[in-house]
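Enquirer: dropping the sequence and predicted coords here.
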Amino acid sequence: MTTVLLVDDEKLVQRSLEKTLLRAGFEVITAADCKGGSESFRQNAGTVDIVVLDLNMPGFDGVPKSGAGLDLLEDLKKQQPNLPVVILTAYDEVNKAKDAAARGSSAFFVKGREQGLVELIQKILKET
Amino acid sequence: MTAFDPRTAPQILYIEDNEESRALVRRLLSNRFVVLEAANALDGLQLAEETHPNLVLLDHNLPHMTGSEAATRLKKLLPNTPLVVISSDTSAGARIRALAAGAAGFIPKPIDDTFERLIEEYLNGRVEKLDHAEEHMAAYQQELVERLEGNIRQLTGTVERNKFLLDQNQRMFSMLERRHRLLETGARVAQVVTSILDINDLLKHTANIICSEFSFYYAGIFLLSEDKEWAVLRAGFGEAGRKMLAENHRLPVDDQSLAGKAILSRQAQITLDVDGEASRFKNPFLPNTRSEMALPLIFESQALGALTVQSNQMNAFTEEDLTTLQSMADQIAIAINNAQLMSKLENATAEILRRKTFEAIATATGEAIHWVGNKAAPIPGSIRRVRESLPYLLALIELVEGTAVTRDSLRAAVREIREQTRAKGIDLKRVMEEMSAMKPNRLASLVSVESLLEDLDIAETSANTILEIKEGLIGPARQRHDTAVSLGQMIRRTVANMGLPDGVVEIGWAEDLPHVHADERQMEQVFNNMIKNAWEALAGSTAPRITILGQRDRDPDYVQIIISDNGPGIPREIQEKIWVSFFTTKGGSGGTGLGLSACQQIVSQHGGTITMESEAGQGATFRVRLPVRKN
């Protein structure tokens, strides 16, 4: 069974993605900010196969910050360097997400067509 | 021979300009007489009057006046003193003239050894008689009259010459005065116009002031068009100017018009008698022009345009005027250049402002799209799941046996569903088979009513959130109903209605704080938003605290409301962005990002301001200034 850690502070976005992933057959763990994401990953050490995280959300200090997802990306990569990570982004932040991909994320995904995320995750996991 | 006694010896006055002659006479006579001497007629006359000599010897050729004249004057002064004329003119006429003038005798030069004897005789009363004395007297009188006439002519000539000089001086003076006045006026015009930086104002003022100061019939200013092909009238004096401006009067830059010629040649042009010149100069708006002058407006050797000055007098302009007015035109050219620079600067500033506005709009639009995108993101996913579940739910219809439904209407409904799904290409029998083969938990999740309703909720909530921002956008634009609002009461009521935990909000209010002139509902929206923001910033804080202070501003026409919290503060990099519509940091907590932007809009519409100060970790302080009186 594949386990996805989903980190997004936008409640409805998080729930909807969670449902789509569940329906696609994944196990889903959720968190709403950097701190929560980092802790969930540690607590579920070894079980998380892939992380999907939002670009903009509260940072490790709890203060909302543009690009805070990159901090979490860095933190997770430290914990597990080969961890596949997908960055969630709004369509107007694609360049930022590409930048994130360059910094070690496996891919970025523009929010909206959730089924596409399922396909993306399956593709990444097949490759690794 | 008796001894010489100067006290009793006769006195002889000798009037003679020649020093040698005087020395000779002195030598001959001074052993017997007291000899008084004078070197010219005027001195001689004075000496005669003072000393009353016994005899006067008079040289015929004297400075200042002729011997005859001097003789006449001496005879009038001392009628009883004998007068003897001594002259080198030995002609008969000279003797006759001397005797006719009243002399007792005539001694020709050079004097000889008879001289002393002759003096004795004249002293003793010798008087030579003139034959036909009357004739000679008349001739002498005639000569005198002629001389006097000559003098008068000479005097008259002098007077006339003086008068001519005076006239000339006066003309010079008035010319200088006019030049001075022109220069002074020119300087004043230049001074007035150089202080005007708006180009249209400048040109209008210049045309008006030139006409009023110099009393010209008309003054107009042409500026060169961008392509330098036309001289475009930009200002004109009076009614004529107004009409020409209304007609967009312009002249080609060529030698067919004075203004065009002045620009082309960069030289001042004068036409002194317009009627005498080619009639093409005639302008129907300026029928009384008789003299016209066009001065190029030159700045750094570039012609910017021309100043035309017109008079209803013929030959109204002199070369002098031209020089004076040209120096004024040079000043005006500088002023025009300044004004043009200013206008370019203003345009550049406006351009920057426009770009900034576009940037702000782009930012706001970007934020809006980002926000809407985020809010809308779950909608397609939720709907897709509902759509996915629908065939499985409908397939359960297949389980309904025709006989099991007793009511006709329900039977019809079942039939209708079957027909419609078939029409839509959904094979319910096949779906049923698929379901039968599914793992139980997979099937349960696909036909979960709970999940279905949740997905509908997600879609509905997301859509509503997007629709609700309408209020935030339209709120500030609503009609205002301003009254005197007690902000203290209003804020206390707002805080009470928000139902915040006890002890979080502390309100400090200055006692004499005046009411503000504002729309109470909009003010409620502002403070509700700001307090809500502060509260949301305090999420997770162990000792949340919001302080609201109402106090007088330094400007007595304003009050200040200060709202501060002890939350995490606002990071420097987003401090600018918080005022932008749709910018939100709240993510999942559901802010529209319109709160502060709407607050700012409302407060600024009321003539107030909102400012914010925040340091990371030190909380945030918002300061609202509102005017007491209607703005």
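Expert: In hand now; what should we look at?
Enquirer: do you know how far A:Ser16 is from A:Pro64?
Expert: 21 Å (C-beta to C-beta, to the nearest Å). From N, CA and C alone the C-beta is placed, and that goes for glycine too.
Enquirer: show me which of the two is the more surrounded one.
Expert: For A:Ser16 versus A:Pro64, the count of surrounding residues by other C-beta atoms under 10 Å in any protein chain shown is larger for A:Ser16: 28 against 23.
Enquirer: shouldn't that one be in contact with B:Ile458?
Expert: Yes - A:Ser16 lies in contact with B:Ile458 (C-beta atoms under 8 Å); the separation is 5.4 Å.
Enquirer: shared neighbours of those two, anything?
Expert: Contact with both A:Ser16 and B:Ile458 is made by residues B:378, B:381-382, according to C-beta atoms under 8 Å, 6 or more residues apart in numbering or on different chains.
Enquirer: which of the residues you listed lies closest to A:Ile50?
Expert: Using C-beta to C-beta, B:Gly381 is the member of those that lies nearest A:Ile50, at 18.3 Å.
Enquirer: what about that closest one, how many residues nearby?
Expert: Using other C-beta under 10 Å, B:Gly381 has 27 other residues around it.
Enquirer: which strand or helix spans it?
Expert: Using DSSP states H and E, the element containing B:Gly381 is helix B:378-395.
Enquirer: what is that helix packed up against?
Expert: Secondary-structure packing of helix B:378-395 (3 or more C-beta pairs under 8 Å, 6 or more residues apart in numbering or on different chains; DSSP states H and E): helix A:11-23, helix A:114-127, helix B:408-423, helix B:428-437, helix B:440-446, helix B:449-474.
Enquirer: lowest average confidence across those helices, which one?
Expert: Ranked by mean pLDDT, the helices and strands packed on helix B:378-395 end with helix B:449-474 in last place, scoring a mean of 83.
Enquirer: number of residues surrounding A:Asp99?
Expert: Look at A:Asp99: counted by other C-beta under 10 Å, it has 16 neighbours.
Enquirer: my error: substitute B:Ala294 in the last question.
Expert: Residues contacting B:Ala294 under the criterion other C-beta under 10 Å number 26.
Enquirer: with A:Leu55 instead?
Expert: Neighbours of A:Leu55 (other C-beta under 10 Å): 24.
Enquirer: now the one 5 residues further on
Expert: A:Phe60 has 15 neighbouring residues, counting by other C-beta under 10 Å.
Enquirer: and if you look at B:Arg411?
Expert: Neighbours around B:Arg411, by other C-beta under 10 Å: 15.
Enquirer: same question, the one 5 residues further on
Expert: The number of residues packed around B:Glu416, counting by other C-beta under 10 Å, is 10.
Enquirer: how far away is it from A:Asp9?
Expert: Between B:Glu416 and A:Asp9 the distance is 45 Å, computed by C-beta to C-beta.
Enquirer: distance of B:Gln310 relative to chain A?
Expert: According to C-beta to the nearest C-beta, to the nearest Å, B:Gln310 and chain A sit 65 Å apart.
Enquirer: which residues does that residue contact?
Expert: Contacts for B:Gln310 (C-beta under 8 Å, 6+ apart) come out as B:216-219, B:286, B:289, B:291-293.
Enquirer: do that again at 6 Å, thanks
Expert: Residues in contact with B:Gln310 (C-beta atoms under 6 Å, 6 or more residues apart in numbering or on different chains) are B:217-218, B:289, B:292.
Enquirer: contacting residues for the residue nearest the centre of chain B?
Expert: Centroid check for chain B by C-alpha atoms, centre = their mean gives B:Ile196 as the closest residue, at 1.7 Å. B:Ile196 makes contact with B:202, B:205, according to C-beta under 6 Å, 6+ apart.
Enquirer: if you set the cut-off to 7 Å instead, what comes out?
Expert: By C-beta atoms under 7 Å, 6 or more residues apart in numbering or on different chains, the contact list for B:Ile196 reads B:202, B:205, B:335, B:339.
Enquirer: helix, strand, or coil at it?
Expert: Of the three states, B:Ile196 takes coil under DSSP: H, G, I helix; E, B strand; the rest coil.
Enquirer: just for the chain, where's the confidence low?
Expert: Going with chain A. Scanning chain A for pLDDT under 70 picks out A:91-92.
Enquirer: look at chain B instead
Expert: Counting by pLDDT under 70, chain B shows low-confidence ranges at B:1-3, B:64, B:273-282, B:364, B:402-403, B:470-478, B:581-594, B:631.
Enquirer: show me the domain layout of it.
Expert: With domains defined by automatic domain parsing, chain B comprises B:11-131, B:182-346, B:378-471, B:478-627.
Enquirer: among those, which comes closest to A:Gly116?
Expert: Closest to A:Gly116 of these is domain B:378-471 (C-beta to C-beta; 10.1 Å).
Enquirer: that closest one: how far from the chain's middle?
Expert: From the chain centre to the centre of domain B:378-471 is a distance of 80 Å (C-alpha atoms, centre = their mean, to the nearest Å).
Enquirer: circling back: which residues belonging to the helix holding B:Gly381 are considered buried?
Expert: Within helix B:378-395, the residues that count as buried by 16 or more other C-beta atoms under 10 Å in any protein chain shown are B:378-382, B:384-386, B:389, B:391-392, B:394-395.
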